[in-house]
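Undergrad: Structure of the sequence below:
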Amino acid sequence: EPLGFVKLLEWFFSIFAFATCGSYTGEFRLSVECANKSESDLSIDVEFSYPFRLHQVYFDVPACKGHETEKVFLVGDYSSSAEFFVTIAVFAFLYSLAAAVVYVFMQDKYRENNRGPMIDFVVTAVFTFMWLVSSCAWAKGLSDVKMATDPDKVIEGMKVCEEKANTCKEIREAITSGLNTSVVFGFLNLVLWLGNLWFIFK
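TA: Numbers count the residues shown, from 1 in each chain. This is a model prediction of the structure:
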């Protein structure tokens, strides 16, 4: 039954969509070298994770005034697009699982009066649209997250780095390949649900 098989594919890919985004934790590293070397910190690790409320993430850097430190906050809140994407993926996962069970075990009931395919068509159309909106929103959100967690951008906003005598450097960028994958799975799900509309319509 192609409908059941497509639903199982949707179920499978929706797991990857919410898992790759919802379980993400990233880290970048930078260094602050003060004019007085003893005040420097050459390995500052900054960790951030889903749902990307970056304005709540802070880290301590040397102020290069004695042994004082100052707090630096990241900029931006990208939780709305990330949470929207994960929510759609979770609901898609639940619906495709339920629909697959109906296709496999209650085929006669599903075909009865044509109501089953009609309801399925409408729900699938809604999910197709939601995948489009949430994937586009998250692709934009991810682009902003990458910008906000770029060590060079973070350094630009640090007061201690404005002093000519101090040297601030990026040591390591965050690895975001898992998040890139989540966007790919989002659009893959869009194609799958769009294809599913054709099978239901047939």
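
Undergrad: Identify the single longest helix in the chain, thanks.
TA: helix 115-148 (DSSP state H).

Undergrad: what's the weakest-modelled helix or strand in the chain?
TA: Across the helices and strands of the chain, mean confidence by mean pLDDT, DSSP states H and E is lowest for helix 107-111: a mean of 73.

Undergrad: how about the nearest residue to residue 16, chain neighbours excluded?
TA: Of all residues not flanking residue 16 in the chain, residue 185 sits nearest, at 4.7 Å (C-beta to C-beta, 6 or more residues apart in numbering). The C-beta positions use only the backbone N, C-alpha and C, and glycine is treated the same way.

Undergrad: can you check residue 137 too?
TA: residue 81 (4.2 Å).

Undergrad: tally of neighbours for residue 114?
TA: 9 (other C-beta atoms under 10 Å).

Undergrad: now do residue 165
TA: With other C-beta under 10 Å as criterion, residue 165 counts 9.

Undergrad: so is it in a helix, a strand, or just coil?
TA: Classification of residue 165 using DSSP: H, G, I helix; E, B strand; the rest coil returns coil.

Undergrad: for the one 5 residues further on, same thing?
TA: At residue 170, secondary structure determined by three-state DSSP is strand.

Undergrad: Tell me how far it lies from residue 155.
TA: Separation of residue 170 from residue 155 (C-beta to C-beta, to the nearest Å): 7 Å.

Undergrad: Quick check: buried residues in the helix or strand containing residue 86?
TA: Taking DSSP states H and E as the criterion, residue 86 maps to helix 79-105. By neighbour count on 16 or more other C-beta atoms under 10 Å, the buried set for helix 79-105 is 79, 81-86, 88-89, 92-93, 95-96, 99-100, 102-103.

Undergrad: Thank you, goodbye.
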